[in-house]
Structure formats: structure tokens, C-alpha cells
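Novice: Return atomic coordinates for the entry below.
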Amino acid sequence: MRVSGWVAVLGLSACSALPSNACTTGAESRVGCANARTVGRVAAASSNGFSTTPLTCSATNATDQASCSDSGPDHTFRVFLYSGEKITVTLTTQAACSGGGTWYATLKLMTGTCTSSACSGPVYCNANQTTVTHAYTASQDGWHYVMVDGASASSAGTYNLKVALTCKNASCDC
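Specialist: Model (predicted):
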């Protein structure tokens, strides 16, 4: 019997190899795709999911997507997903950098090959929001990018980002 047959009989995954840095949350700068902060699979799959509350006041406009209102300062995160795994991403803006009220953000999800400023596979864009939640099921193995962006050049501030992962198995292969 071929190896792939044994994989199926034993109920094992024939997925892509999990990158060594996919299980733990990183400390990358979040500037553009090339420096996307890794969201660890273990943290994202925990009962509370991965959550962070940074601010974009001193960030730059490193990533833009055609036909998406996203010309403000941005942060980029990445999570490794196997095909069929689901993430639920929630973005809530808080205080604006200008000191008054809230600010309007854009939530983007992308897949594929990423350069310093862009990814090849945009899959979601929701602009001009103060709160947005989106569930996404991966159609391929690989890194998936979550971007928090200002909807306009002057849109920046504190935000809360939550990423909840539903893995194919209890250990998330970590």
C-alpha cells in the first residue's frame, strides 16, 4: 500500500509541514507583510483566543489593497492555517490618536505570497468600521495575513484584535 493510503487509514493529515515558528506568538514589528507578527496557533486556539490591544499612532501605511479604503497607518499579523481550519477575527477600535472619540478602521485578510507591502491573495476587506467580526475557513495550507488598517490617512488609534482558531485536531499540531 502506498504511504498516502496509510495516512488515510490511520486518520493522519497529509498537510503541509507546519513551520517551526507557527505555534508561538512572535515579536515581529507588524510593519508590512514581510514583518507580520506571528499569531501563535496555541494562543489562537485557546479558550479566549489570541488578543492584543496595540495602537497605530506611530505606524506607517505599509500595505494597501486596490478597491479597499485602507490608506491609513497599519499593522500586519499572520497565522498558519491548514485547509479547512477556521479563524474568527474581531477588530474593535478604541481611542483615536487625535484624542477625540474613536477612529475608523479597515480589516483585511489575505493569503498567498507576500512581499514587504502586498500579498497576492486578498480574500476579505471591510472598511470604515469601529467593530467588525469575520469568520474565514482556509482553502489552502499556508500563512494567512490579518491586517488592521486606518480607513483614511488620518485614521489611527488604539484597537483590540482577537483571533480565534479552530484547529483540525486538539493539539493544533504544536
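
Novice: Just the pLDDT for Ser154.
Specialist: pLDDT recorded at Ser154 is 91.

Novice: Can you tell me the element it falls in?
Specialist: For Ser154, there is no helix or strand it lies in under DSSP states H and E.

Novice: Verify the contact between it and Asn61 for me.
Specialist: No - applying C-beta atoms under 8 Å as the test, Ser154 and Asn61 come out as separate, 11.1 Å apart. All C-beta atoms are positioned from the backbone trio N, CA, C, and that covers glycine.

Novice: more crowded one of these two?
Specialist: Remark: of Ser154 and Asn61, Asn61 carries more neighbours, 17 against 14, as counted by other C-beta atoms under 10 Å.

Novice: any common contacting residues for Ser154 and Asn61?
Specialist: Shared contacts of Ser154 and Asn61 (C-beta atoms under 8 Å, 6 or more residues apart in numbering): Gly72.

Novice: Can you pull the phi/psi pair for Cys33?
Specialist: Main-chain torsions, Cys33, degrees, to the nearest 10: phi -70, psi -40.

Novice: Can you get me a residue count around it?
Specialist: 22.

Novice: Go ahead and confirm it touches Asp74.
Specialist: No - counting by C-beta under 8 Å, Cys33 stays clear of Asp74, with 10.4 Å between them.

Novice: Thank you kindly, that will do.
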